[in-house]
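1. just need the structure, nothing else, for what follows:
(one chain, ligands or ions: 2)
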Amino acid sequence: MNELRDLLGDLVADVDSVFLFSPNASFFEGFESLDDEVVVVGPENALDAEPFVELPLDFTDLEGRLRFGIEGALEQGIVDEGEEVLCVTEVLDGTENTLVRVQTNDFSPSGVYDLFVNSRAEAGVVRDVFEVAIELGKKGQKGKPVGALFVVGDAGKVMNKSRPLSYNPFEKSHVHVGDPIVNVMLKEFSRLDGAFVISDAGKIVSAYRYLEPSAEGVDIPKGLGARHMAAGAITRDTNATAIVLSESDGLVRAFKGGELVLEIDPEEY
Ligand SMILES: Nc1ncnc2c1ncn2[C@@H]1O[C@H](COP(=O)(O)OP(=O)(O)OP(=O)(O)O)[C@@H](O)[C@H]1O
Ligand SMILES: [Mn+2]
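-> Numbering: from 1, shown residues only. Ligands and ions are numbered 1, 2, ... in the order given. Prediction:
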């Protein structure tokens, strides 16, 4: 096996930092005496590690996970562009079974970190809306695929750039996304047309909104229809973030600043 060490040793040699994705305590301990910088990345900082990059979702998709961790570390100034990073993580429900060596500028920033951390809406609210969209994408509504559009944050402005398609079932109610009963309501109402408007703090402001933003300068991938165009455009016209479940391809996409910043397959979560 020493041959393997010779052959693969270069993979781990001379890196600037080591990223441990959700390490367990004993594994993490082994790294504490290391000279290279050790960065812990995970949904929560159970080990009180420093530096730490928080994942807003438990990304099962490897590339999404790595990308988020690295973008987060770049944003926080933990690593610099051009540095060599060794990522230690798991795939296929293993534990610490995967090593990925990357250069931080191998990634053109996707905006995924920015989406959660620098959205006007609270990061937890963005995450909760994502979770509703992912669940809806997995199960559909009564077994049938459904689409849905959630516009999160900057709700006053979003309301000004939209109009009601029907009466608003959330009028005068003070309910928040993340509450299990509210999540059931959101899924029920997703059968109906239009968008949900959600405030920075997660209050459901309205259902059934027809968005009328200016679509000028919005550059979304070809092949996406009116729902996605409206989602992209409203985020260019306001400081909202839009999360869309596509009825036709089943993917969940996020838009911010008029651009597509994240695309995930609910089946992978
Ligand atoms: N401007 C808009 N504001 C709010 N909802 C919209 C808007 N445009 C379209 N929708 C909603 O999106 C639904 C689907 O429209 P369309 O098929 O053109 O979008 P799409 O981007 O192809 O989405 P999907 O992938 O889900 O089919 C419409 O029935 C409507 O409920
Ligand atoms: Mn369509």
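2. okay, CA-based contacts and neighbour counts for the rest of this
-> Fine.
3. pull up the residues of the stretch 151-269 of the chain that are close to ligand 1.
-> Those residues of the stretch 151-269 of the chain that sit near ligand 1, judged by C-alpha under 6 Å from any ligand atom, are 193-195, 209-212, 224-228, 230, 246-248.
4. for ChimeraX, what selects the buried ones among the residues you listed?
-> The ChimeraX command for the buried members of those (criterion: 16 or more other C-alpha atoms under 10 Å) is given here:
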select :193,194,195,209,210,211,212,227,228,230,246,247
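5. just the residues of the stretch 151-269 of the chain next to ligand 1: which are in strands?
-> Among those, the ones falling in strands (DSSP state E) are 195, 209-211.
6. sorry, back to before: and the two most separated of the residues of the stretch 151-269 of the chain next to ligand 1?
-> Spatially, the most separated pair among those is Glu212 and Ser248, at 22.1 Å (C-alpha to C-alpha).
7. now stretch 24-39: buried residues?
-> Those would be 28, 37-39, for stretch 24-39 by 16+ other C-alpha under 10 Å.
8. and if you look at stretch 150-166?
-> Buried residues in stretch 150-166 (16+ other C-alpha under 10 Å): 150-155, 158-159, 161-162.
9. any idea how far stretch 247-263 is from the chain center?
-> Relative to its chain's centre, stretch 247-263 lies at 10 Å (C-alpha atoms, centre = their mean, to the nearest Å).
10. nope, stretch 6-21 is what I meant
-> Distance of stretch 6-21 from the chain centroid (C-alpha atoms, centre = their mean) equals 27 Å.
11. again with stretch 120-128
-> Put simply, stretch 120-128 sits 10 Å off its chain's centre (C-alpha atoms, centre = their mean).
12. identify the residues contacting that stretch?
-> Stretch 120-128 has contacts (C-alpha atoms under 8 Å, 6 or more residues apart in numbering) with 56-57, 116-117, 152-154, 177-178, 199-202, 239-241.
13. next, Ala46: secondary structure please.
-> Assigned state for Ala46: coil (three-state reduction, DSSP: H, G, I helix; E, B strand; the rest coil).
14. where's it relative to Val40, distance?
-> Separation of Ala46 from Val40 (C-alpha to C-alpha, to the nearest Å): 10 Å.
15. try Val85
-> Distance of Val85 to Val40, given as C-alpha to C-alpha: 12 Å.
16. of the buried residues of stretch 24-39, closest to Ser166?
-> The closest of those to Ser166 turns out to be Val39 (C-alpha to C-alpha; 49.7 Å).
17. would you say that closest one is within a strand?
-> Yes. The assignment for Val39 is a strand, going by three-state DSSP.
18. list the buried ones in the longest helix along the chain?
-> Secondary structure assigned by DSSP state H gives helix 123-139 as the longest helix of the chain. By neighbour count on 16+ other C-alpha under 10 Å, the buried set for helix 123-139 is 123-138.
19. what pLDDT is listed against the closest residue to Arg227 other than its chain neighbours?
-> The spatially closest residue to Arg227, leaving aside those adjacent along the chain, is Leu149, at 7.2 Å (C-alpha to C-alpha, 6 or more residues apart in numbering). Model confidence at Leu149, given as pLDDT, is 98.
20. so who does Leu149 touch?
-> 194-196, 227, 231, 242-245.
21. quick revisit: looking at the buried residues of helix 123-139, spot the one nearest ligand 1.
-> Taking C-alpha to the nearest ligand atom as the measure, ligand 1 sits nearest to Gly137 out of those, at 10.8 Å.
22. where are the low-confidence patches of the stretch 151-269 of the chain?
-> Residue ranges of the stretch 151-269 of the chain with pLDDT under 70: 269.
23. for it, which segments count as strands?
-> Shown for the stretch 151-269 of the chain, the strands assigned by DSSP state E, counting those that start in this stretch span residues 162-164, 195-198, 204-211, 241-245, 252-256, 259-264.
24. just name the most buried of those strands.
-> Comparing the strands of the stretch 151-269 of the chain by mean neighbour count (mean count of other C-alpha atoms under 10 Å), strand 241-245 ranks first with a mean of 29.
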